[in-house]
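Colleague: I would like the atomic coordinates for the input below:
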Amino acid sequence: MPILEKEFQKEKLILKKVTKLLTDHIETLEQEVHISHDDLVEFKNLAWSDFSSFDSGDIIQARISTSEEENRLLSKQDYLKKLLKIKDKPYFASIVFQDDENSIFNIYISLTYLKDKNENNILYDWRSPICSLFYDYETGPCSYKAPGGIISGNLLRKRQYKIENNKLISVFDNSLNIDDEVLQQVLATESDEKMKNIVNTIQQEQNQVIRNLEDKNLIVQGIAGSGKTSVALHRIAFLLYQIKNLTSDHILIFSPNHIFTEYISNVLPELGEDNTLQTTFHDYLSFLITEYKQVESYPHFIARYYSYEEANKALIKYKQSDAIINDLDDFLEDYVAKAKFEDDVIESKNHLMTMEELNEMLTYKYNRLPLFERVDEISKKLSEIFYQGKTKKQSTFYKLLVEKSNFQKDYKKIYQDFFMSRYCRVPLTEVEINSFLKGDTLSYEDALIFAYIKGILEGFHYEGNIKQVVIDEAQDYNKLQYIIIKNIFKKADFTILGDINQNINPYYQYQSLEELQQIFDGKYIELLKTYRSSPEIIEYTNKILNLNHVNAIRKTNNLPVIFRKGNYSLKDTLLTDINKLQTSYKSIAIITKDLKEAEKLYKLLKDEITISFINEDTLKFHKELVIIPAYLSKGLEFDAVIAYNNRENSYRKNEKKLLYVACTRAQHELYVYN
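Modeller: Reported below is the predicted structural model:
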């Protein structure tokens with residue numbers, strides 16, 4: 001609730017003092033950075049002007065000194081950037097905490113820290129241990145985990161601020177209940193072009209994911225609108241703060257598509273951190289599989305199903321299934337067991353290695369390695385044996401070994417052999433197999449299997465630099481993909497987030513994301529509150545999937561879901577609804593069942609109104625008015641949504657999750673056509 005006028009005036013004075021201290025600190029730091037930079041340049045010029053005057057020890061010491069000075073300068077520049085971000089809004093909340101020894105701490109919470117000249121904390125970084133009290137507790141008994149152990153006490157006050165251009169607009173004392181005034185103000189605002197940080201409204205259940213350092217891997221099931229992606233990004237910022245030597249280029253985010261990657265690109269910079277590495281699983285497949293010019297993307301794979309042009313859906317379902325993993329393992333185990341050299345290797349008159357010796361190496365000495373890596377090692381070893389430890393003839397021996405073996409590094413042939421083997425549950429003829437192996441483009445479902453076979457036989461491309469992996473829209477990945485990912489990032493920790501109710505892959509379904517604990521030894525957490533949509537929209541979307549466990553946080557806006565049925569002029573009705581919605585909102589989406597419908601509607605409307613058409617090749621877009629197929633809209637949100645499908649191509653019973661995805665993109669208003 002709003003505070004008394006006397007308290008408000010007191011807070012204004014505090015803001016004035018903090019602003020002055022912050023401004024002075026920025027000015028001092030700007031000067032220091034400038035001087036440090038000039039000194040560093042001068043030092044480098046002096047140090048490297050004449051190598052002849054240095055011995056080796058001097059050179060090493062000069063390099064160390066230069067590196068240390070550069071690191072100090074970079075650290076100052078990084079901190080300056082963070083201070084500049086909070087210049088107009090120094091803090092967003094405060095708490096008053098009394099510990100068990102009756103010491104009282106008045107903690108002002110910001111995006112970064114600020115100290116006075118006596119090294120006393122004036123502002124606390126929201127990621128510091130004591131600030132967890134703000135997110136986890138109502139006023140009353142509380143505790144937090146500090147480096148020295150658990151600190152207990154009482155939370156005497158929680159306060160939030162609205163500050164604009166260093167002017168105090170409003171102050172609220174609040175608790176964690178759903179009537180939290182600042183949270184409701186944020187939820188009531190219109191959607192922006194890109195996702196924003198939620199650092200001032202993180203809720204308790206979200207904070208449990210963000211601040212978890214105890215579990216190596218986290219698997220998060222969150223309903224639509226529960227803030228999964230925001231939680232993931234704030235968790236990244238928290239890990240960057242907490243884990244020593246962890247930097248943004250040690251973290252990789254798997255996004256569902258490049259549209260989504262662009263949409264979330266502002267959050268980490270807003271939090272004062274550099275954006276991490278980002279990719280899609282399709283990007284990785286394209287990198288791993290060099291035998292084809294192109295690999296089909298996941299959105300195109302999904303579009304194939306919803307176009308109902310696929311002839312053999314049972315085969316695709318098998319290729320996507322968990323069962324094929326065991327079948328592939330059995331086939332590959334047999335393939336490796338039967339692999340052997342069938343003759344001696346003779347490089348010259350005096351350089352002979354018998355077949356028996358070679359197979360001893362292949363089967364026993366190097367059996368810890370993937371099959372084709374064994375051949376590499378054997379060829380290297382032969383070169384060393386016959387050429388006094390040198391490896392210059394390794395390629396010659398490799399060629400000779402391949403000629404004498406009963407196996408070849410021909411993954412297309414190996415792939416074909418699997419489908420013609422007794423291990424495959426859907427035996428196919430050579431003609432049928434060639435129908436999906438020929439050409440320059442490998443289908444998405446085949447690419448997963450192809451990448452797995454290649455990884456098992458030659459080793460997965462290990463990414464040792466990556467220490468943290470975040471996977472969003474986790475329900476769209478099958479277990480084979482997770483096995484591939486885990487093999488690529490062997491030493492990484494994982495944060496995996498998804499919603500089984502938004503699984504748009506018709507060939508693969510999870511009963512629960514908890515199943516992923518079979519692959520990742522970690523903690524399973526559920527987020528059961530939705531912050532995106534109005535209660536009216538949630539009530540309708542619940543009916544689509546027969547859900548009743550959704551807990552709506554946003555207050556009602558008394559705007560019912562609007563249905564457009566019967567005979568009407570499509571163009572006129574759409575334009576009328578769009579014009580009405582544009583008077584109230586900044587972002588509106590027409591979400592169609594598939595790409596063909598999106599293209600038709602775009603052609604219908606583009607000459608009448610400014611509208612953006614989004615397909616899987618779109619990298620940047622403006623959210624004022626867009627038309628987008630449902631399977632590309634995942635993770636996005638809009639003030640208002642028109643969920644459209646053609647009467648002749650309506651959502652079928654097995655497509656209800658796709659409709660659910662489309663409708664749950666709406667925050668304030670939802671129109672459902674046909």
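
Colleague: Break down the stretch 301-450 of the chain into its strands, ranges please.
Modeller: In the stretch 301-450 of the chain, the strands defined using DSSP state E, counting those that start in this stretch lie at 345-348, 351-353, 441-442.

Colleague: With respect to K393, which of the ones you listed lies nearest?
Modeller: Of all the strands of the stretch 301-450 of the chain, strand 345-348 sits nearest to K393, with 7.2 Å by CB to CB. From N, CA and C alone the C-beta is placed, and that goes for glycine too.

Colleague: ok, residues contacting the closest one?
Modeller: 352-353, 358, 382, 386, 393, 396-397, 400-401, 404 (CB atoms under 8 Å, 6 or more residues apart in numbering).

Colleague: Emit the ChimeraX select command for whichever of those are buried.
Modeller: The ChimeraX command for the buried members of the contacts of strand 345-348 (criterion: 16 or more other CB atoms under 10 Å) is given here:
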select :353,358,382,386,393,397,400,401,404
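
Colleague: Just put the contacts of strand 345-348 in CSV and tack on distance to E458 and pLDDT.
Modeller: Listed next are these as CSV, based on distance: CB to CB, whole Å; pLDDT from 0 to 100:
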residue, distance to E458, pLDDT
L352, 28, 87
M353, 22, 88
L358, 19, 94
L382, 19, 91
F386, 25, 87
K393, 22, 87
T396, 20, 89
F397, 18, 90
L400, 19, 91
L401, 15, 92
K404, 19, 92
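
Colleague: weakest of the strands of the stretch 301-450 of the chain by average pLDDT?
Modeller: Per-stretch mean pLDDT for the strands of the stretch 301-450 of the chain is lowest at strand 345-348 (a mean of 80).

Colleague: in that one, what's buried?
Modeller: Buried, per 16+ other CB under 10 Å, within strand 345-348: 345, 347.

Colleague: mind putting the contacts of strand 345-348 in CSV, distance to L369 included?
Modeller: Below are the contacts of strand 345-348 laid out as CSV (distance: CB to CB, whole Å):
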residue, distance to L369
L352, 24
M353, 18
L358, 15
L382, 16
F386, 21
K393, 20
T396, 21
F397, 16
L400, 19
L401, 14
K404, 19
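
Colleague: ok, so of the contacts of strand 345-348, who is nearest N197?
Modeller: The closest of these to N197 turns out to be L401 (CB to CB; 56.3 Å).

Colleague: ok, the closest one - contacts?
Modeller: Taking CB under 8 Å, 6+ apart, one finds 341, 345, 358, 375, 378-379, 382 in contact with L401.

Colleague: try L168
Modeller: With CB under 8 Å, 6+ apart, L168 has these contacts: 8, 11-12, 15, 161-162.

Colleague: Quick check: bridge partners of the most centrally placed residue in the chain?
Modeller: With distances taken as CA atoms, centre = their mean, I253 lies nearest the centre of the chain, 3.4 Å away. Under DSSP bridges, the beta-bridge partners of I253 are Q278, V470.

Colleague: From D283, how far off is it?
Modeller: 12 Å (CB to CB, to the nearest Å).

Colleague: so I219, which of the three states?
Modeller: strand (DSSP: H, G, I helix; E, B strand; the rest coil).

Colleague: Next up, the contacts around it.
Modeller: I219 is in contact with 474, 496, 513-514, 516-517, 520, 522-525, counting by CB under 8 Å, 6+ apart.

Colleague: Check what contacts stretch 286-301 and list those residues.
Modeller: In this structure, residues lying in contact with stretch 286-301 by CB under 8 Å, 6+ apart are 256-257, 280-282, 285, 411-412, 440-445, 447, 450-451, 454-455, 461, 476, 616, 631-632.

Colleague: Where helices are concerned, which of those residues count?
Modeller: Secondary structure from DSSP state H places 281-282, 285, 411-412, 444-445, 447, 450-451, 454-455 of these in helices.

Colleague: can you tell me how far K543 sits from T592?
Modeller: Look at K543 and T592: by CB to CB, they are 21 Å apart.

Colleague: lowest average confidence, helix or strand, in this protein?
Modeller: Counting by mean pLDDT, DSSP states H and E, the chain has its least confident helix or strand at helix 181-188, which shows a mean of 58.

Colleague: Flag the shaky bits of the chain, pLDDT-wise.
Modeller: Where the chain drops to pLDDT under 70, the residues are 1, 35-67, 69, 175-193, 549-552, 554.

Colleague: change it to 50
Modeller: Along the chain, segments meeting pLDDT under 50 span 40, 176-179.

Colleague: what's the longest strand seen in it packed up against?
Modeller: Ranked by number of residues, the top strand in the chain under DSSP state E is strand 149-164. Using 3 or more CB pairs under 8 Å, 6 or more residues apart in numbering; DSSP states H and E, the elements in contact with strand 149-164 are helix 5-47, strand 93-99, strand 140-146, strand 167-173, helix 181-188.

Colleague: Burial-wise, tell me which of those comes out on top.
Modeller: strand 93-99 (a mean of 19; mean count of other CB atoms under 10 Å).

Colleague: what's the most distant pair in the contacts of I219?
Modeller: By the measure CB to CB, A474 and K523 form the most distant pair in these, at 14.3 Å.

Colleague: Roughly how far does V336 sit from I253?
Modeller: 35 Å.

Colleague: thinking again about what came up before, when A474 and K523 are compared, which one has more neighbours?
Modeller: A474 (26 against 16; other CB atoms under 10 Å).

Colleague: Could you pull up the residues touching the more buried one?
Modeller: A474 touches 219, 496-498, 513, 516, counting by CB under 8 Å, 6+ apart.

Colleague: Could you tell me which of those residues count as buried?
Modeller: Neighbour-count burial (16+ other CB under 10 Å) is assigned, among the contacts of A474, to 219, 496-498, 513, 516.

Colleague: re earlier: tell me which of the contacts of L401 fall in helices.
Modeller: Assigned to helices by DSSP H, the following of the contacts of L401 qualify: 358, 375, 378-379, 382.

Colleague: Make a markdown table from those and add distance to I223 to it.
Modeller: Below are these laid out as a markdown table (distance: CB to CB, whole Å):
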| residue | distance to I223 |
| --- | --- |
| L358 | 58 |
| V375 | 50 |
| I378 | 54 |
| S379 | 55 |
| L382 | 60 |
